[in-house]
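Colleague: return a 3D structure for these sequence lines:
(2 chains)
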Amino acid sequence: MIADVAPADVALAGFTLPPELEAHEPPEARGLPRDGVRMLVSRTSSGEISHHGFRDLPGLLLPGDLLVVNTTATLPAQVRAGQLAVHFSSPRPDGSWLVELRRVTGKTSVPNGLGFPGQRLSLPGGAVLTLEGKATARLWRARLSVAVVPYLLRHGRPIRYSYVPRDWALPAYQTVFSRVPGSAEMPSAARPFTPSVVTDLVAGGVLIAPLTLHAGVSSLEADEDPYPEPYDVPPATAALVNHVRAHGGRVIAAGTTVVRALETAALGQPGGRVTAAAGWTSHVVTPETGVRAVDGLLTGLHEPRSSHLRMLAAFAGPELLSRCYQAAIDAGYLWHEFGDVHLLLP
Amino acid sequence: MCRGAPPPSVRDMQNPTAMITGASRGLGRALAAGLAREGYDLIIDARNAAALDAAADRIRGAGGNVTAIAGDVTDPAHRAALRQAAAAAGRLDLLVNNAGTLGASPLPALADYPPEELRAAFEVNVIAPVALTQLMLPLLRESGGAVLNITSDAAVEAYAGWGGYGAAKAALEQASNVLAAEEPVLRVWWADPGDLRTDMHQLAFPGEDISDRPEPESVVPAFVRLVTQRLPSGRYRAAHLMPVTP
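Modeller: This is a model prediction of the structure:
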C-alpha cells in the first residue's frame, strides 16, 4: 500500500519499469560474458552517479576493503505435476517448508489460489506434499514425504517468472560462490562474478569472506516483507568484518541477502559489531532500522515498491536512490536476475 | 506469519547449549569439560550414573552449567528424557553423538562375529545416534546448530578384527554425509579423534600397554576449533584440526 511508504520514498516507489528494460535471458544468451553486464555506481557521500562495466569493480574497491559473498546455491525449487507447479520457498525449523501453489499457464505459471489444510498433493517420483496451513496470503506451510533438498535436486527445475520466456539449466542460476544448495531463487547480485574478476580483486588487496543465507521466493507482490530465512555468519567472517572496519576499510555486501545476514548478526551489538550467528532471521533492513554493519552494496535493479528498495534507501537515501533509478532507466539498464547491477558506495 | 527463531539479541543473552552422549569418561568427558570452558551449557548422559555425576560435578566445580541424565542411548525413553532436557534449556546448538561401543572384545574376525553382538554394535553406534538426532533436529534447526558424530579410522581402513565396530562407524559416517545433504541449515561433522588412551581403546587391546596413546584431553582443542569456527559440514580428523600455537 502506497500509504505505508514514507513520503520521501514516493517518487521512488512510484516509478514505472518500462517492459523493454526487463532482461529476458542470461547475458550469455545475449552474447555477453557473465562479467560483461553494466554497473551503475552511486556514491552516497558526493551524490555522484557514474556508468561502468562490471569488470571495473576491482578498480572501484580499495585494498583493505572486504567483500562479503553468499555461498548459497540455487535449488531447482519448482516441481511440476500436470497443471500444478509448486514453488519450494524456505525450510522451517520443524522440517516443514513454505511453498507456493501455482498454475501452469502456457510457458510460465501464476498463483492458483487453491489448496486446503490437510490436502495431499501427489508429486513426481511418488512424493506426497501435505498442506498444513496458510502461512501468508500466498504461502502454505507444507510437509513433503521425503527430504526436500535431495528431492528437488532430482525432480525440480529453477523457478522462473513470466519475463523469462523459457527454462534455463540450473548452472545459469548459480554464482561463482555457490556451494550450499538451499535458495529458492538465485542471489543474483553476485551472478556477474567470474574467476577472473575474483582474481583481480584478490590481487588488488580486496578481502573476500563468505556467509550463507538461503533466499526464499522473491516478494513479487508490492510492499510484502521477506519471510524468515535461514542464515549463517561464520566466526571467521564476523571477525574479519570487525577487523576491516576497525582499520578504516569498508565492508561491501555482494547482494541484499548478505546485508540481511550481516545486519542480523549485528543486532544488539554496540557500534555495528558483528558476532558469529546462525538460525532464522526475520530482520528487515529499512531506512528506519538503518544499516549498522555494512558500508556498501552490490545489487541488482529492483522492481517498484519491493522491500529491496527500502533496504537500498537505507544505504543511499531516497533522493539519491530516485536519481539512480532514473539514470538507470534513461541509460537503458536491464532489470531482474539476468540484468545489470548497481554498486552503492559510501 | 512463520514462527521464526527469536531475534539474536534475545538469544544471545542465553549461553549456547551442547548435548554430549557418553560423557562419563574418555573422549566424551574431555569434550564436555572443553565445551563448558567455551561457555556452553551442557546436557550430558552416560549409563553409569555414579561416573556421570562425578564428571558433572567436576565441570560444575569449574563453573560450568550441567544437566546430567543417566541412561542408555539405545533406550527410547532415555532419548525422550534428553529431548525434554533440551526443550527445558530452550535451545540446542550442538549435539555430540559420542557414546559408542566397541562390540565384542577381544575383537573377533567377521568369520566368528556373533550376530547378536554385531546387532548390538549397530544399535549403539548407528541407530541410537540417528534416532537421537531425529529428536533434536527441530531445536538444532532453529539455532542453525550442528551435529558432531564421533567416528574412527576403522570406518575407512580395513583393520582385521575391527569389522563389527568399523562397519557400524562406516554406517554412521554415511548417515552423517546424507544428513548434511538433507539439512542445509545445519553443520554436520563426522570426526575421527585418532587413537586415544581410553577404556574403549584398552578393550580393543586387552592386556596390552596403551600408555603411548595420547590422553583424550589432548584432542579437545581440535574439536573446539571445529565447533567454534563452525567449519563446513564434512569428515574431519582431529590431528588435522589442531590449532597452531604461535
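Colleague: just give me the neighbour total for the spatially closest residue to A:Gly317 that is not a sequence neighbour.
Modeller: Once flanking residues are discounted, A:Gly317 sits nearest to A:Thr44: 7.0 Å by Cβ to Cβ, 6 or more residues apart in numbering or on different chains. (Glycine included, C-beta is placed from N, CA and C.) Around A:Thr44 there are 16 other residues, counting by other Cβ atoms under 10 Å in any protein chain shown.
Colleague: which of the residues in the biggest helix by length in chain B are buried?
Modeller: The helix spanning the most residues in chain B, taking DSSP state H as the definition, is helix B:163-182. Judged by neighbour count (16 or more other Cβ atoms under 10 Å in any protein chain shown), helix B:163-182 contains these buried residues: B:163-173, B:175-176, B:179-180, B:182.
Colleague: how about A:Leu129, secondary structure?
Modeller: Taken by DSSP: H, G, I helix; E, B strand; the rest coil, the conformation at A:Leu129 corresponds to strand.
Colleague: name the nearest residue to it, sequence neighbours excluded.
Modeller: Distance criterion Cβ to Cβ, 6+ apart; nearest residue to A:Leu129, sequence neighbours excluded, is A:Leu121 at 4.5 Å.
Colleague: summarise which helices and strands the helix or strand that neighbour falls within is packed against.
Modeller: Element membership for A:Leu121 (DSSP states H and E) is strand A:120-122. Using 3 or more Cβ pairs under 8 Å, 6 or more residues apart in numbering or on different chains; DSSP states H and E as the contact criterion, the elements in contact with strand A:120-122 are strand A:128-134.
Colleague: give me the buried stretch members for the strand it packs on, please.
Modeller: When burial is assessed from 16+ other Cβ under 10 Å, strand A:128-134 yields the following buried residues: A:129-132.
Colleague: which ones are touching residue 16?
Modeller: Using chain A. Listed by Cβ atoms under 8 Å, 6 or more residues apart in numbering or on different chains, the contact set of A:Thr16 reads A:Pro304.
Colleague: nope, chain B
Modeller: Counting by Cβ under 8 Å, 6+ apart, B:Pro16 touches B:39-41, B:91, B:93-94, B:143.
Colleague: could you pick out which of those are near chain A?
Modeller: When the contacts of B:Pro16 are filtered against chain A using Cβ under 8 Å from any Cβ of the partner chain, the residues retained are B:Ser143.
Colleague: residues near the closest residue to B:Ala51 other than its chain neighbours, how many?
Modeller: By the measure of Cβ to Cβ, 6+ apart, the closest residue to B:Ala51 outside its immediate chain neighbours is B:Ser24, 3.8 Å from it. Counted with other Cβ under 10 Å, the neighbours of B:Ser24 add up to 23.
Colleague: element containing B:Ala85, please.
Modeller: Per DSSP H and E, B:Ala85 falls inside helix B:76-89.
Colleague: what distance separates the helix or strand following that helix from the middle of the whole chain?
Modeller: Scanning forward in sequence from helix B:76-89 by DSSP H and E, the next helix or strand is strand B:94-97. Between the mean C-alpha location of strand B:94-97 and the chain-wide mean there is a distance of 5 Å, by Cα atoms, centre = their mean, to the nearest Å.
Colleague: from the buried residues of strand A:128-134, pick the one nearest chain B.
Modeller: The shortest separation between chain B and any of these is 11.7 Å, and it belongs to A:Glu132 (by Cβ to the nearest Cβ).
Colleague: the closest residue in space to that closest one that isn't next to it in sequence: what's it in contact with?
Modeller: The spatially closest residue to A:Glu132, leaving aside those adjacent along the chain, is A:Arg141, at 4.4 Å (Cβ to Cβ, 6+ apart). Neighbour list for A:Arg141: A:92, A:96-98, A:131-135, B:2 [criterion: Cβ under 8 Å, 6+ apart].
Colleague: what's the farthest-apart pair in the residues you listed?
Modeller: Checked with Cβ to Cβ, those reach their widest spread between A:Leu131 and B:Cys2, with 14.8 Å between them.
Colleague: any idea how far the nearest residue to B:Val126 once chain neighbours are set aside lies from B:Ala120?
Modeller: Distance criterion Cβ to Cβ, 6+ apart; nearest residue to B:Val126, sequence neighbours excluded, is B:Ala171 at 4.6 Å. Applying Cβ to Cβ, to the nearest Å, one obtains 14 Å for the distance of B:Ala171 from B:Ala120.
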